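Colleague: sequence-free structure coming up:
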């Protein structure tokens, strides 16, 4: 208690985020109990009959299961692989730019898309890729290529989603790597320059090892969210033509639980709980793997 009295200001600061996490993250977990019940609004959470794992079995045996799981994992893994190296490359490049005006201009241009609303970003995608008036099809037309309905082709949906995500987030994601690079001892670079090391060699032997702990931590966190595909953006980009490739677990849960005429809260909750458990297991596996290979870990 003496330590608490001495540092009560720090405990007061800690109490606010702790309260937020408890109220908005842990308390809602009690609602997951309806995944094991046949929930009805009239009977409530505790009055509804218990059905055990029936909703999970129904989902696993449904014809939608493998398609949803495949789409969710393919989009998530594609996004993780495509978006992971670019912030590092951008940060390394900016770290060696001597022209401050050029550096700040590049930072502004790459950071700005992050602050654009997803609704606006998807609207821009539809405008640029429109088969009749889109700038992309206009450019292709100069080379004699027939108009392509990009947003209506299921095979192109994932690439459009992933690379627009990279464009929107690469600048903001590189900030943490720039901060890590700024913390590297300058004497290491001075010694390397004295030994005649090139910039590429300095990146390889000084910068990359210096930011590797941060990169591993971010990779672990991103892997733990591999079942999170960005519900809002996918829903906005969906249409009847690309639904075969764009329907993921998040959008399916939304439609089953809130949009369908026969609302099924218990079934939707069971699917969401399944997704959360898979993400939690992946987080533990990747974290333990990082520890075994001698890299940084969350715990």
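Modeller: Everything's here; your move. Given the structure is predicted, the values throughout are model-derived calculations rather than measurements.
Colleague: I'd like the distance between residue 37 and residue 272.
Modeller: 15 Å (CB to CB, to the nearest Å). In this view, the C-beta of every residue, glycine as well, is placed from N, C-alpha and C.
Colleague: out of these two, which sits in the more crowded spot?
Modeller: When residue 37 and residue 272 are compared for neighbours, residue 37 comes out ahead with 23 against 20, by other CB atoms under 10 Å.
Colleague: Backbone dihedrals for residue 50, both of them.
Modeller: Per-residue torsions, residue 50: phi -80, psi 130 (degrees, to the nearest 10).
Colleague: from memory it sits against residue 36, does it?
Modeller: Yes: counting by CB atoms under 8 Å, residue 50 does reach residue 36; the two are 6.3 Å apart.
Colleague: out of these two, which sits in the busier spot?
Modeller: Between residue 50 and residue 36, residue 36 has the larger neighbour count (other CB under 10 Å), namely 19 against 9.
Colleague: Would you agree the more buried one is in contact with residue 46?
Modeller: No: applying CB under 8 Å as the test, residue 36 and residue 46 come out as separate, 11.9 Å apart.
Colleague: Residue 37: what's it in contact with?
Modeller: 45, 48-51, 266 (CB atoms under 8 Å, 6 or more residues apart in numbering).
Colleague: now, which of those residues sits nearest residue 118?
Modeller: residue 266 (29.4 Å; CB to CB).
Colleague: Please report how far the closest one lies from residue 272.
Modeller: In terms of CB to CB, residue 266 sits 11 Å off from residue 272.
Colleague: In the protein, where is pLDDT below threshold?
Modeller: 1-2, 293-299 (pLDDT under 70).
Colleague: Just the strands from it, written as ranges.
Modeller: Counting by DSSP state E, the chain has no strands to list.
Colleague: longest helix of it?
Modeller: helix 265-292 (DSSP state H).
Colleague: Which positions in that one come out as buried?
Modeller: For helix 265-292, the neighbour count (16 or more other CB atoms under 10 Å) marks 265-275, 278-279, 282-283, 286-287, 290 as buried.
Colleague: swap in stretch 208-217?
Modeller: For stretch 208-217, by 16+ other CB under 10 Å, it's 210-211, 214-217.
Colleague: from the middle of its chain, how far away would it be?
Modeller: 19 Å (CA atoms, centre = their mean, to the nearest Å).
Colleague: go on, stretch 29-42?
Modeller: That offset, for stretch 29-42, works out to 28 Å (CA atoms, centre = their mean).
Colleague: switch to numbering from 49
Modeller: Got it, first residue is 49 now, which makes that one stretch 77-90.
Colleague: list the buried ones in it?
Modeller: 81-87.
Colleague: Then stretch 123-133?
Modeller: 123-124, 126-127, 131.
Colleague: give me the number of residues near residue 203?
Modeller: Counted with other CB under 10 Å, residue 203 comes out at 9.
Colleague: quick one: it from residue 290, how far?
Modeller: Distance from residue 203 to residue 290, by CB to CB: 9 Å.
Colleague: Could you do residue 93 as well?
Modeller: Counting by CB to CB, the gap from residue 93 to residue 290 is 37 Å.
Colleague: ok, back up a step: among the buried residues of stretch 123-133, which are in helices?
Modeller: Short answer: the buried residues of stretch 123-133 in helices (DSSP H) are 123-124, 126-127, 131.
Colleague: picking up where we left off before, report the set of residues contacting both of residue 314 and residue 320.
Modeller: What both residue 314 and residue 320 touch, as defined by CB under 8 Å, 6+ apart, is the set residue 83.
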